[in-house]
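Novice: Provided below for reference: sequence and predicted model.
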Amino acid sequence: MIVEIWSDVMFPFCYIGKRNFESALQQFSDTDAIEVHWKSFQLDPNIPEVATESYQNYLVTRKGMPLQQVQDMLQNVTLSAKQAGLTYNFDDAVMVNSIKAHQFIQFAKALHKDDEAEEVLFHAFFTEGKNIADLQTLLTLGTAIGLDANALQQAIENQEFLPAVIEDINQARQIGVTGVPFFVFNNKYAVSGAQPASSFLEVLNKSFGEWKATNTTPNLIISKGSSCDVKGNCD
């Protein structure tokens, strides 16, 4: 069963939502039957690729939020992250456009490494204060999860995966996504935001039960002959 997750790696509840969903998966009895697809989304495509302001200043100047409200909000989000086992350092966060980071994710997704890509990008941005619009930073992160640095560099410089990013964003608009994280289970049930693990588990059980009812394992009548098994035994 497919679970699709729209996310933007620079916005805090996406990382918290990832952890809570993973916690639900750990409690789910049929984890091996779940296939997770990460999808691109940009909450603010107008952020420049060159860092010009802090996370706090970004919310005050670009979103028009009062300073005290921003400070209180970031403190509360940091606490929520800590409860999910994450460390947020908003004072070190580098506010830049996430379009290259999404192309990095799409490149990794083609190699079935989009979950690893999301993880290293979240950690780099929220915990380590790294610039996720910097090509060399992305190449270093890619190497860390087993991606070919030369192929990744070529893909980003030539914007090979930009159409995939745009396709995800357009798809999100078509289904009415206005905020992330946004989870879609079996193309039927949706969960918006960083819900508790118990909420994700409830939807997992419900959606998987329905999926399994229409995706049963065929009861094959097998005629046996000489073969080799997965342990290397041949007879």
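Specialist: Done, it's in.

Novice: gap between K39 and T214?
Specialist: In this view, K39 and T214 are 24 Å apart by Cβ to Cβ, to the nearest Å. Quick note: C-beta positions are derived from backbone N, CA and C, even for glycine.

Novice: which residue of the two possesses the greater neighbour count?
Specialist: K39 (26 against 7; other Cβ atoms under 10 Å).

Novice: wait, a helix at that one?
Specialist: No - K39 is assigned strand when assessed by DSSP: H, G, I helix; E, B strand; the rest coil, not a helix.

Novice: who does it bridge with?
Specialist: Following DSSP bridges, K39 is listed with bridge partners W6.

Novice: so how far is F107 from it?
Specialist: 14 Å.

Novice: can you check D32 too?
Specialist: Distance of D32 to F107, computed by Cβ to Cβ: 26 Å.

Novice: more neighbours: those two, which one.
Specialist: F107 (24 against 7).

Novice: now the helices for the chain?
Specialist: 12-27, 55-61, 67-83, 99-109, 114-122, 135-144, 149-157, 162-174, 197-214 (DSSP state H).

Novice: helices or strands next to the first one in the packing?
Specialist: If contacts are counted by 3 or more Cβ pairs under 8 Å, 6 or more residues apart in numbering; DSSP states H and E, helix 12-27 sits against strand 2-7, helix 67-83, helix 114-122, helix 197-214.

Novice: let me have the ones you listed in CSV, adding distance to I16 and mean pLDDT as columns.
Specialist: Formatted as CSV, the helices and strands packed on helix 12-27 follow (distance: least, Cβ to Cβ, whole Å; pLDDT from 0 to 100):
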stretch, distance to I16, mean pLDDT
strand 2-7, 11, 98
helix 67-83, 6, 97
helix 114-122, 10, 98
helix 197-214, 11, 96
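
Novice: which of these sits closest to A24?
Specialist: With Cβ to Cβ as the measure, helix 197-214 is the member of those nearest A24 (3.6 Å).

Novice: list the contacts of that closest one.
Specialist: Helix 197-214 has contacts (Cβ atoms under 8 Å, 6 or more residues apart in numbering) with 1, 3, 20-21, 23-25, 27-28, 30, 33-34, 183, 185-186, 188-189, 191.

Novice: go again using 10 Å as the cut-off
Specialist: 1-3, 17, 19-31, 33-34, 84, 183-191, 193-196, 215 (Cβ atoms under 10 Å, 6 or more residues apart in numbering).

Novice: of these, buried ones?
Specialist: Buried members of those, scored by 16 or more other Cβ atoms under 10 Å, are 1, 3, 17, 19-25, 28, 34, 84, 183-186, 191, 194-195.
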